[in-house]
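Peer 1: Turn this into a structure:
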Amino acid sequence: MLAADPGTSIASIATQAGVDRRTVYRRFTSREELLAAIYESRLTAIEQAIQDARLREAPVTVALHRYVENIITVNRTWPVDLAQMLTDDAIRQRRDASVQEVDAFLERATAEGLLRQDQPEGWAAALLPQLMHLVSRQQPGLSPAQAADIVVDTLLNGLGAS
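Peer 2: Model (predicted):
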């Protein structure tokens, strides 16, 4: 609900969850506290997705597919924009560490020849999240593995008919 409308009321959230508004307020003293818990959960899921992908150890193609599949699952489970929480220093540092881990992996993928070296610096790092976001939202009927297939194929092969 918050992904669709960040202004959604606690009462609406409680109704959708099938609980009384007071039940939500017993757990979260404010709307901001509820949002912080949601963002914390999303960030923790992202960190786990990166860890599970084994970006440093696994073969690049395996790690890439695993990472994309994991993040698609996170995007569908926690469809909220983490950027709204970046005013919190601890959250921003954790997010930056995750971004650095993925950037290092994409550099590895480029060095190993999986990604082209003639593209502008940071292009793959900018494009990959956008592709994952698009498939997460626009292809809800696909499993995370099927959606990852599309993202990885698009990233590696583009859309042109060769």
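
Peer 1: residues contacting residue 76?
Peer 2: Residues near residue 76 by CB atoms under 8 Å, 6 or more residues apart in numbering: 136, 140, 144. For every residue, glycine as well, the C-beta is placed using N, CA and C.

Peer 1: State the next helix or strand along the chain beyond the helix or strand containing it.
Peer 2: For residue 76, the element it lies in under DSSP states H and E is helix 60-77. Sequence-wise, the next helix or strand downstream of helix 60-77 (DSSP H and E) is helix 89-111.

Peer 1: tilt between that following helix and helix 60-77?
Peer 2: 150 degrees (axes from the mean of the first three to the mean of the last three CA atoms, to 10 degrees).

Peer 1: Tabulate the CA atom coordinates of stretch 63-81 in PDB.
Peer 2: Presented in PDB, the C-alpha positions along stretch 63-81 are these (Å, rounded to 0.1, in the frame of the first residue of the first chain):
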ATOM      1  CA  ALA A  63      26.500 -14.900  -9.500                       C
ATOM      2  CA  LEU A  64      24.800 -12.400 -11.900                       C
ATOM      3  CA  HIS A  65      21.700 -14.500 -12.400                       C
ATOM      4  CA  ARG A  66      21.500 -15.400  -8.700                       C
ATOM      5  CA  TYR A  67      21.800 -11.700  -7.800                       C
ATOM      6  CA  VAL A  68      19.200 -10.500 -10.300                       C
ATOM      7  CA  GLU A  69      16.800 -13.300  -9.200                       C
ATOM      8  CA  ASN A  70      17.300 -12.400  -5.500                       C
ATOM      9  CA  ILE A  71      16.800  -8.700  -6.100                       C
ATOM     10  CA  ILE A  72      13.600  -9.300  -8.100                       C
ATOM     11  CA  THR A  73      12.300 -11.200  -5.200                       C
ATOM     12  CA  VAL A  74      13.200  -8.300  -2.800                       C
ATOM     13  CA  ASN A  75      11.600  -5.800  -5.200                       C
ATOM     14  CA  ARG A  76       8.400  -7.700  -5.200                       C
ATOM     15  CA  THR A  77       8.400  -8.400  -1.500                       C
ATOM     16  CA  TRP A  78       9.300  -4.900  -0.400                       C
ATOM     17  CA  PRO A  79       8.200  -2.600  -3.300                       C
ATOM     18  CA  VAL A  80       9.200   0.600  -1.600                       C
ATOM     19  CA  ASP A  81      11.900   3.100  -2.600                       C
END
